[in-house]
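S.K.: Next input, structure requested:
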Amino acid sequence: MWGTAANTVWAVGDSGTILKWNGSGWSTQTSGITQNLRAIWGTDASNLWAVGDAGALLKWNGTTWSSQTSGTTSDLYAIWGSSATNVWAVGNTGTLLRWNGTTWSSQTSGTTTWLDAVWGSDDKHVWVAGFAGTLLSWDGFAWGFATPQTTTFKLYGGHSDSTSAAWAIGEGGTILKWNGGTWSPQSSGTNATLTGFWSSQQGQRWIVGDSGTILSGDGNTWSLQNSGTTLSFARIWGIDESNVWAVGRSGLIQKWDGKTWSVQTAGATQNLWDVWGADASNVWAVGDSGSVYKWTGSSWIQQTAGTTAPLYSVWGTDPSNVWSAQEGGVLLHWDGSRWSTLPRVTTKRIQRLWGIDKDNIWAVGELGTILKWNGAAWVNQNSGSNHWLYGMFGSPSGDVWAVGDGGAILYQRGR
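M.R.: Just a heads-up that it's a prediction; the model follows:
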């Protein structure tokens, strides 16, 4: 999706679909092709490009769309430029193309990795990101690898204290720490897949994962805790260092009371995929078959969500403003008395919800999907990536991170 004004927006999609928004409605435009289109970008209302499968490359001249010769049959996933005479397109097998105002030419990327994002600040500062943590940079003369590959494992979650302190977790016991300039691995002491991270305000941190794995630490060193189960955990969340909950497979719910982990009974047998709370008497856990359970401060009670589809995430700002994400891109909202279903804004699966406040909430998921709640509506954001995104987290200053397949890490700087 790309636009020049509130009444001039374009969107592209499957089978050569191109739609244009005029301020009041969407209309279909003739692309002349049947290939799936993956991305669109332009400099103004008379210079737009759309790219897609099998080297598809279209240009809008202000009146019509016409095909351009890309010189490749590789799928193209992203496009960006600094001007109408300096445009870059990237795709699979390391494909990198450049438009000079007249023709497209192939450039040497130095990799055969799937490239799915490109962006820059000017014609001498351009970055390309791809699978397995690949990151390339352009200095105006040549492409080079911007940073060493950090990991190729899937990343499922993390936490951020500030612009210079963040953690990402994932497969193979992976823990990465951000110091404001680079990501570096930490020793977890386990090979289990790690899926959930929570930190107290005092800096005590917990990580959960497969086969009953629970780690605790100060963010620098980690030690295993006894969970008393071999069932896999999915997520963890807490109020303080004496009220922490972890949920997982087959209705697993455990609570940390400051000394030990103990099992809590909610009557759930479904897999539970996420947990979040507003305070010690308002905690929600969600999972398969539309299951929603609420902790009242003394017991877990089941709530009716109005769906039998899996619920993958839950997050909110207070006891009367809680969101959950259903299979197929459907979002649900709790207003303090009941759950309601919102109009669908995507068909992509949403894996994770996270926010800063009631007007700044994000949802991430299938094939690079990122949605943002602005206080009035959910709006699609361009991630520049086709990686599945499984986790999202951020800092109080507004820095936001999304993590996913192949070690993908996306970052949006806050205020």
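
S.K.: C-alpha from now on. contacts and neighbour counts both.
M.R.: OK.

S.K.: tell me the contacts of the residue lying closest to Ala268 once chain neighbours are set aside?
M.R.: Leaving aside its sequence neighbours, Ala268 sits nearest to Gly251 (C-alpha to C-alpha, 6 or more residues apart in numbering; 4.6 Å). When contacts are counted by C-alpha atoms under 8 Å, 6 or more residues apart in numbering, Gly251 touches Ala266, Gly267, Ala268, Thr269, Gln270, Asn271, Leu272.

S.K.: As JSON lines, those with neighbour count, secondary structure and pLDDT would be great.
M.R.: Output for the contacts of Gly251, formatted as JSON lines (neighbours: other C-alpha atoms under 10 Å; DSSP: H, G, I helix; E, B strand; the rest coil; pLDDT from 0 to 100):
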{"residue": "Ala266", "neighbour count": "17", "secondary structure": "coil", "pLDDT": "93"}
{"residue": "Gly267", "neighbour count": "12", "secondary structure": "coil", "pLDDT": "92"}
{"residue": "Ala268", "neighbour count": "20", "secondary structure": "coil", "pLDDT": "93"}
{"residue": "Thr269", "neighbour count": "13", "secondary structure": "coil", "pLDDT": "95"}
{"residue": "Gln270", "neighbour count": "18", "secondary structure": "coil", "pLDDT": "96"}
{"residue": "Asn271", "neighbour count": "23", "secondary structure": "coil", "pLDDT": "98"}
{"residue": "Leu272", "neighbour count": "30", "secondary structure": "strand", "pLDDT": "98"}
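
S.K.: wait, which of these is closest to Ser184?
M.R.: Leu272 (30.9 Å; C-alpha to C-alpha).

S.K.: Give me the pLDDT value at Ser395.
M.R.: Note for Ser395: predicted pLDDT of 85.

S.K.: cool, and Ser121?
M.R.: 80.

S.K.: Distance check, it against Ala168.
M.R.: 27 Å (C-alpha to C-alpha, to the nearest Å).

S.K.: Also Gly398?
M.R.: Gly398 is 17 Å from Ala168, by C-alpha to C-alpha.

S.K.: Looking at the two, which is more packed in?
M.R.: Legend: neighbour count by other C-alpha atoms under 10 Å for Gly398 and Ala168, higher for Ala168 (30 against 18).

S.K.: ok, and the closest non-adjacent residue to the more buried one?
M.R.: Gly158 (4.2 Å).

S.K.: I figured the one you found hits Thr174, correct?
M.R.: No. Contact between Gly158 and Thr174 fails when scored by C-alpha atoms under 8 Å: they sit 10.8 Å apart.

S.K.: Residues that sit against both of those two, list them.
M.R.: Ala168.

S.K.: CA atoms only for the helix or strand containing Tyr156 - export them in PDB, please.
M.R.: In the assignment (DSSP states H and E), Tyr156 maps to strand 155-162. Taking Å, rounded to 0.1, in the frame of the first residue of the first chain, the C-alpha atoms of strand 155-162 are listed here in PDB:
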ATOM      1  CA  LEU A 155      12.200 -15.700  17.100                       C
ATOM      2  CA  TYR A 156       9.000 -15.800  19.100                       C
ATOM      3  CA  GLY A 157       9.100 -12.900  21.500                       C
ATOM      4  CA  GLY A 158      11.200 -10.600  23.700                       C
ATOM      5  CA  HIS A 159      11.200  -7.500  25.800                       C
ATOM      6  CA  SER A 160      12.600  -4.000  25.700                       C
ATOM      7  CA  ASP A 161      13.500  -1.700  28.600                       C
ATOM      8  CA  SER A 162      14.800   1.200  26.500                       C
END
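
S.K.: got the contact list for that strand?
M.R.: 166-171, 174, 194-199, 389-397, 399, 403-408.
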